[in-house]
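Peer 1: Just to be clear, the model below is a prediction. Sequence and coordinates:
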Amino acid sequence: MTRSNFLLAILSTATLVAPLHSALADSREPSREEATLITSTQVLEELAATPDQRVPDWLMQRAYGVAVVPEVIKGAFFFGGRYGNGVFTVRDATSGHFSNPIFIRLGGGSFGAQIGATSTDVVLVFVTPRSVEDFAHGKFTLGADVSVAAGPVGRQTEAAAGKAAEIYSYSRSRGLFAGVALDGTVIAFDSSGNRSFYGDDEVTTSMITRSKVTTHSEAARRFVAAVSAAANTDSSTVPAPAPAASAPPPNVPAPAGPAASGDVHTFPMEDSHPGGEPH
């Protein structure tokens, strides 16, 4: 074989291998973080398709942040525990848009006559500035650091929703969503997940919410779009701030303690009933 023929053979082989390499790259398994985003988006889309079981529109429109933790594993043999990985997004202070995803971990324990294992999807709706700002510290406990209540579902009205809280929690098992009490559950910043996804070893919550780190992930874009759609947010407009109230109504207790300091900036949503949190 002449030298020129040898070079032609190498070039032909390279031409054939390049598309194969590209196809293999395109078919690679998604990362753990992208898989979490894809599953979380599916949870929100399926939730939106069930009017009688979804988070009420009036509550989502007041959301300062939304977290989705798909496939939370709960196992027990007298002593029980739950664990899951999910994503959290916060409304921007200036534009009203939802931030890029912040990866989180959920964990908790229980004690009593219990045995077995289940897998559920958990959705958390943050409805006060403090509930979002607390997460800037990296970790908090539901029911201890911030108040949590089982959320209303479907067409349930504000008046029938019951106890006021800073976070409303939902769980889906066997296809049905329902409000669920998650007192004692810890929500924490997933350091390894955020480092891996954003490629920054020093990434923090405020860096993500302030767009100091960015992503071109299609899975992230779809997740944020699903949250925006659920919250009835038009990304081309900025919702008007809700009028300030001098004091909460008598039947709605004010959140305990001063607002926590933090780098997360929040944004007051339009309120069809100005003057108080949902009740």
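Peer 2: Perfect, thanks for sending it.
Peer 1: Now do the strands for the stretch 1-150 of the chain: every range, in order, please.
Peer 2: 65-90, 102-126, 139-141, 148-150 (DSSP state E, counting those that start in this stretch).
Peer 1: out of those strands, which comes closest to I208?
Peer 2: The minimum distance between I208 and these falls on strand 102-126, with 5.2 Å, by CB to CB. For the C-beta atoms, the positions are set from N, CA and C on the backbone; glycine is no exception.
Peer 1: on that earlier part again, least confident of the strands of the stretch 1-150 of the chain, on average?
Peer 2: Within these, confidence is poorest for strand 102-126, with a mean of 76 (mean pLDDT).
Peer 1: Just put the strands of the stretch 1-150 of the chain in JSON lines and tack on distance to T36.
Peer 2: Putting the strands of the stretch 1-150 of the chain into JSON lines (distance: least, CB to CB, whole Å) gives the following:
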{"stretch": "strand 65-90", "distance to T36": "6"}
{"stretch": "strand 102-126", "distance to T36": "7"}
{"stretch": "strand 139-141", "distance to T36": "18"}
{"stretch": "strand 148-150", "distance to T36": "22"}
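Peer 1: Quick one: the ones you listed as CSV, columns for distance to V213 and mean neighbour count too.
Peer 2: Shown next, in CSV, are these (distance: least, CB to CB, whole Å; neighbours: other CB atoms under 10 Å):
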stretch, distance to V213, mean neighbour count
strand 65-90, 14, 20
strand 102-126, 11, 17
strand 139-141, 20, 17
strand 148-150, 29, 22
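Peer 1: Where does pLDDT dip in the chain?
Peer 2: Along the chain, segments meeting pLDDT under 70 span 1-28, 75-80, 93, 109-117, 156-163, 174-177, 233-279.
Peer 1: Which one of the strands of the stretch 1-150 of the chain lies nearest to G199?
Peer 2: strand 102-126 (13.2 Å).
Peer 1: Other residues contacting stretch 216-233?
Peer 2: Here stretch 216-233 makes contact (CB atoms under 8 Å, 6 or more residues apart in numbering) with 30, 34, 37-38, 40-41, 44-45, 47-48, 54-55, 57, 60-61, 63, 66, 68, 87, 89, 96-101, 197, 235, 239.
Peer 1: For the residue nearest to T185 when sequence neighbours are not counted, list the residues it contacts.
Peer 2: Nearest residue to T185 in three dimensions, chain neighbours excluded: G108, at 3.7 Å (CB to CB, 6 or more residues apart in numbering). G108 sits next to G81, R82, L182, G184, T185, V186 when contact means CB under 8 Å, 6+ apart.
Peer 1: and the two most separated of those?
Peer 2: Top of the distance list for the contacts of G108 (CB to CB): G81 and L182, 12.9 Å.
Peer 1: Would you confirm that V122 contacts S171?
Peer 2: Yes: counting by CB atoms under 8 Å, S171 is a contact partner of V122 at 5.5 Å.
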